[in-house]
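S.K.: coordinates only, sequence not included:
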Ligand SMILES: Cc1cc2nc3c(=O)[nH]c(=O)nc-3n(C[C@H](O)[C@H](O)[C@H](O)COP(=O)(O)OP(=O)(O)OC[C@H]3O[C@@H](n4cnc5c(N)ncnc54)[C@H](O)[C@@H]3O)c2cc1C
Ligand code: SF4
C-alpha cells in the first residue's frame with residue numbers, strides 16, 4: 001500500500017500516530033534509512049521540520065527566495081571563531097529532502113585512507129572498512145544515478161582552471177554527480193527545476209512512499225520519549241511554515257526511533273532528551289571542511305554559470321590537506337557579493353561574464369562544538385587546528401597561481417577588504433599575515449557531532465548507529481561520521497545510513 005507526503009496545513013487537530021520506525025529528518029541520512037526499512041516491509045513515518053516543495057516549486061524560486069524558504073536560518077548561521085580561526089558561515093537545508101536538495105551533486109566515496117584511519121586508529125570493526133562498505137556505496141550510487149560529468153559539460157571557467165593546473169604540473173579529473181539529464185544550468189544549490197539532480201526527494205523518498213512510508217512535512221521534533229532506557233517514540237509540533245510557528249502538538253509512538261536531523265540538530269535533540277551526555281562527546285568534535293572560493297577575471301567572456309555546477313576536481317594537494325572542486329553560483333548572487341562599493345561595485349558586477357570560479361576545502365582536524373542556545377537553532381563554535389590554519393594561505397596561493405597560469409588578468413582572493421590582485425601583486429602579498437577575521441570562509445558539511453565509536457567512552461553511537469546506553473535509538477546522518485572526510489560527504493553519509501539500516505533490518509528488537 002502506498003504512503004503519502006503530508007503538509008502541516010492539512011491537519012486540523014493534534015496528531016497522535018504510531019508505527020514500527022519513526023525517522024526524524026528527511027535528508028541524506030534519514031531518507032536512506034526510511035527507504036531501506038520501508039522496502040523491508042516496516043511501517044515507517046518520517047518527520048521533517050521543513051516544508052515540502054516539488055522540484056518545480058523549488059526550481060521556480062529566485063535564489064534569494066530559496067535561501068529564505070529552504071535554507072536553514074536563511075543561511076545566516078555562523079560557527080563563532082575561537083583562537084586563530086576565521087568566522088565560518090555554515091549552511092544546511094530545512095525542507096523535505098534536507099541538504100541533499102541543495103547540493104551541487106558532487107559524489108565521492110570516502111577515500112580508502114580515511115576508512116583505514118577508522119579501523120586502525122579508531123578501532124572500528126571491519127564492517128566499516130572500504131571493502132566491506134562497497135555494497136552500501138553501490139546501492140547508494142545506483143539509487144541516486146551517479147554518473148561522470150563529460151568534459152563537454154564543463155563550464156569555460158572550470159576548463160580554464162584545468163588548463164592552469166596542467167601548466168603547473170597538476171591535473172583535474174571529471175567529477176561524479178548524482179544527475180540524469182543535467183541541462184547545465186548551474187542553479188543546483190537553489191533547486192533543480194528539471195528534476196535532473198537526483199537528490200533524495202527525487203530518488204529515495206518516492207521509493208519509500210511507494211513502499212508505504214508516510215512523510216510529515218512541517219513537523220518539528222523536540223524530544224525522544226523513553227520507557228526506561230528504551231526509546232518508544234518522539235514528540236514535538238506541527239509548524240505553520242514559513243513562519244515556523246508551533247500550531248498543533250505531535251506525538252508518534254514507535255518500536256524504533258532513528259534520529260537523522262543532521263550534524264547541527266541531532267546532538268540538540270539528544271541533549272534535550274537527556275541522552276548521550278554521559279560519554280562526554282555529545283555535540284563535540286564537529287568537523288566542517290572549511291571552504292574558500294577563488295574568483296578570476298579573464299579577458300575573454302567566460303559565462304561561468306553555463307555548464308554543470310561542479311564538473312571537475314583535483315586531489316593533487318591532499319598531502320597539504322586540500323581538495324579542489326569546480327564551483328559557480330548564480331550570477332545574481334555573485335553580483336551581490338562582488339567586492340567594493342558604489343561605482344567600483346557596479347563596474348565589477350558588469351564584468352560578471354568574464355569571471356571564473358573554483359573552490360577549495362580543507363580536510364580539517366575538527367574543533368567544532370554545538371551548544372544549546374536560547375532559541376531553536378544551536379550556537380556553533382569552531383577552533384581551527386594550527387595545521388589547518390597554516391594550510392589556508394597555501395590553498396589561496398595555489399589556486400590564484402593556477403588561474404594566472406591559465407591567463408587570468410586578476411584574482412579576487414577570499415579576503416575581506418582586499419582589492420583584486422594581478423600576478424605581480426600576488427607575488428608581493430604575504431598571505432601568512434592575513435588576519436583570520438578578514439578571511440571569507442564557508443562550510444556546507446557539519447559532521448561528527450555524535451560520532452561513531454568502538455567503545456561507549458569514546459563516542460555517542462556504536463558501530464551500528466545505536467546510541468550507547470540506550471535501546472532502539474539510532475542516529476543515521478552526518479553527525480555520526482567518525483572523522484573529517486576531506487571530500488564532499490553526501491555519498492559517505494548515505495553509505496553509512498545504508499549500513500545502519502541494513503543492521504537494523506537484521507537486528508531483533510531488544
Ligand atoms: C549548499 C550545499 C551544497 C552541498 N553540496 C554538496 C555536494 O555537492 N556533494 C556532497 O557530497 N555534499 C554536499 N553538501 C552536503 C550534504 O548535502 C550534506 O552533508 C548531507 O545532506 C547531510 O545529510 P544529513 O542527513 O546529515 O542532514 P540533512 O540532509 O541536512 O538532513 C537533516 C534534516 O533534518 C531536518 N531536521 C533537523 N532538525 C529537526 C527536528 N528537530 N525535527 C524534524 N526535522 C529536523 C532538517 O530540516 C533537514 O531536512 C552540500 C550542502 C549544502 C548545504
Ligand atoms: S546544472 Fe543540472 S543538476 Fe544543476 S540545476 Fe541545472 S539541470 Fe539541474
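M.R.: Looks like it came in fine. For clarity, every value in this text was computed on a predicted model and none was experimentally measured. Ligands and ions are numbered 1, 2, ... in the order given.
S.K.: only C-alpha atoms from now on, for both contacts and neighbour counts.
M.R.: Fine.
S.K.: burial of the closest residue to residue 255 other than its chain neighbours, as a residue count?
M.R.: Leaving out its chain neighbours, the residue that sits closest to residue 255 by CA to CA, 6 or more residues apart in numbering is residue 20, at 5.0 Å. By other CA atoms under 10 Å, 18 other residues sit near residue 20.
S.K.: you'd agree residue 20 is in a helix?
M.R.: No: if the criterion is DSSP: H, G, I helix; E, B strand; the rest coil, then residue 20 is strand and not within a helix.
S.K.: you'd agree it is up against residue 252?
M.R.: No: under the criterion of CA atoms under 8 Å, residue 20 is not in contact with residue 252, lying 10.1 Å apart.
S.K.: contacting residues for the residue nearest to residue 181 when sequence neighbours are not counted?
M.R.: The shortest distance from residue 181 to any non-neighbouring residue, by CA to CA, 6+ apart, is to residue 196 (5.3 Å). Taking CA atoms under 8 Å, 6 or more residues apart in numbering, we find residue 196 in contact with 179-183.
S.K.: mind giving me the ChimeraX select for those residues, buried ones only?
M.R.: Of the contacts of residue 196, the buried ones go into a single ChimeraX selection, burial set by 16 or more other CA atoms under 10 Å:
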select :179,182,183
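S.K.: what is the nearest of the contacts of residue 196 to residue 475?
M.R.: Checking the contacts of residue 196 against residue 475 with CA to CA, the nearest one is residue 179 at 27.4 Å.
S.K.: in contact with the closest residue to the closest one other than its chain neighbours, which residues?
M.R.: Computed as CA to CA, 6+ apart, the closest residue to residue 179 that is not its neighbour in sequence is residue 197, at 4.4 Å. By CA under 8 Å, 6+ apart, the contact set of residue 197 is 105, 178-180, 182, 188.
S.K.: how about those in TSV, adding secondary structure?
M.R.: Output for these, formatted as TSV (three-state DSSP):
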residue	secondary structure
105	coil
178	strand
179	strand
180	coil
182	coil
188	helix
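S.K.: near ligand 2, which of these show up?
M.R.: Contacts with ligand 2 within these, counted by CA under 6 Å from any ligand atom: 179, 182, 188.
S.K.: my guess is the second one meets residue 307, correct?
M.R.: No: using CA under 8 Å, residue 182 and residue 307 do not qualify as a contacting pair, with a distance of 9.1 Å.
S.K.: break this protein into its domains for me.
M.R.: Domains of the chain are assigned by automatic domain parsing as 4-52+108-143+201-282+447-505, 147-187+290-443.
S.K.: does the shortest one reach ligand 1?
M.R.: The one in question is domain 147-187+290-443. No: using CA under 6 Å from any ligand atom, domain 147-187+290-443 stays clear of ligand 1, with a minimum separation of 7.4 Å.
S.K.: where along the stretch 301-450 of the chain do the helices fall?
M.R.: Per DSSP state H, counting those that start in this stretch, the stretch 301-450 of the chain carries helices over the ranges 331-336, 342-350, 386-405, 423-428.
S.K.: neighbours of residue 273, how many?
M.R.: 16.
S.K.: and the gap between residue 187 and ligand 1?
M.R.: 11 Å (CA to the nearest ligand atom, to the nearest Å).
S.K.: repeat for residue 281
M.R.: The gap separating residue 281 from ligand 1 is 18 Å, by CA to the nearest ligand atom.
S.K.: deepest-packed of the helices of the stretch 301-450 of the chain, please.
M.R.: Each of the helices of the stretch 301-450 of the chain was scored by mean neighbour count; the highest is helix 386-405, a mean of 20, by mean count of other CA atoms under 10 Å.
S.K.: does anything pack onto it? Which helices or strands?
M.R.: helix 156-167, strand 291-297, strand 355-362, strand 410-412, helix 423-428 (3 or more CA pairs under 8 Å, 6 or more residues apart in numbering; DSSP states H and E).
S.K.: dump the helices of the stretch 301-450 of the chain into TSV; add distance to residue 86 as well.
M.R.: Listed next are the helices of the stretch 301-450 of the chain as TSV, based on distance: least, CA to CA, whole Å:
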stretch	distance to residue 86
helix 331-336	21
helix 342-350	24
helix 386-405	9
helix 423-428	21
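S.K.: where among the ones you listed is average confidence lowest?
M.R.: The stretch with the lowest mean pLDDT among the helices of the stretch 301-450 of the chain is helix 331-336, at a mean of 75.
S.K.: quick one: contacts of it?
M.R.: Contacting residues not belonging to helix 331-336 are listed as 63, 305, 348-349, 352 [CA under 8 Å, 6+ apart].
S.K.: report the two of these separated the most.
M.R.: Pairwise over the contacts of helix 331-336, using CA to CA, the maximum falls at 63 and 348, 20.3 Å.
S.K.: can you report how many residues neighbour the nearest residue to residue 176 once chain neighbours are set aside?
M.R.: Leaving aside its chain neighbours, residue 176 sits nearest to residue 148 (4.4 Å; criterion: CA to CA, 6+ apart). Close neighbours of residue 148, defined as other CA under 10 Å, add up to 16.
S.K.: I figured residue 148 hits residue 180, correct?
M.R.: No: using CA under 8 Å, residue 148 is not in contact with residue 180; the gap is 10.4 Å.
S.K.: was I right to think residue 451 contacts residue 460?
M.R.: Yes: using CA under 8 Å, residue 451 makes contact with residue 460 at a distance of 5.6 Å.
S.K.: hey, what's in contact with both of these two?
M.R.: By CA under 8 Å, 6+ apart, residue 451 and residue 460 have these common neighbours: 281-282, 480.
S.K.: what's the closest of the ones next to ligand 2 among the contacts of residue 197 to residue 140?
M.R.: residue 179 (13.0 Å).
S.K.: so what's the closest one up against?
M.R.: Residues near residue 179 by CA under 8 Å, 6+ apart: 105, 144-147, 196-198.
S.K.: what do you get for residue 284?
M.R.: Residues near residue 284 by CA under 8 Å, 6+ apart: 367-370, 448-450.
S.K.: phi, psi for it please.
M.R.: Main-chain dihedrals, residue 284, degrees, to the nearest 10: phi -110, psi 180.
S.K.: look up phi and psi at the residue nearest to residue 176.
M.R.: Taking degrees, to the nearest 10, you get phi -80, psi 140 for the backbone angles of residue 148.
S.K.: worst mean pLDDT among the domains of the chain?
M.R.: Here the domains of the chain differ in mean pLDDT, and the lowest is domain 147-187+290-443 at a mean of 93.
S.K.: span of that domain from start to end?
M.R.: End-to-end distance for domain 147-187+290-443, by CA to CA, to the nearest Å: 25 Å.
S.K.: distance from the chain centre to that domain, please.
M.R.: Centroid displacement of domain 147-187+290-443 relative to its chain, using CA atoms, centre = their mean, to the nearest Å, is 17 Å.
S.K.: gap between the residue nearest to residue 255 and ligand 2?
M.R.: For residue 20, the distance to ligand 2 - CA to the nearest ligand atom - is 35 Å.
S.K.: that residue and residue 498: what is the separation?
M.R.: 18 Å.
S.K.: do residue 477 as well
M.R.: Taking CA to CA as the measure, residue 477 falls 10 Å from residue 498.
S.K.: what about these two, which has more around it?
M.R.: residue 477 (35 against 28).
S.K.: contacting residues for that one?
M.R.: With contact set as CA under 8 Å, 6+ apart, residue 477 has these partners: 28-30, 259-263, 493-494, 496-497.
S.K.: now swap in residue 355 and tell me
M.R.: Shown in contact with residue 355 (CA under 8 Å, 6+ apart): 157, 295-298, 301-304.
S.K.: of those residues, which is the most crowded?
M.R.: Highest neighbour count within the contacts of residue 355: residue 157, with 29 neighbours (other CA under 10 Å).
S.K.: for that one, what are its contacts?
M.R.: Neighbouring residues of residue 157 by CA under 8 Å, 6+ apart: 302-304, 355-358.
S.K.: fine, thanks again, bye for now.
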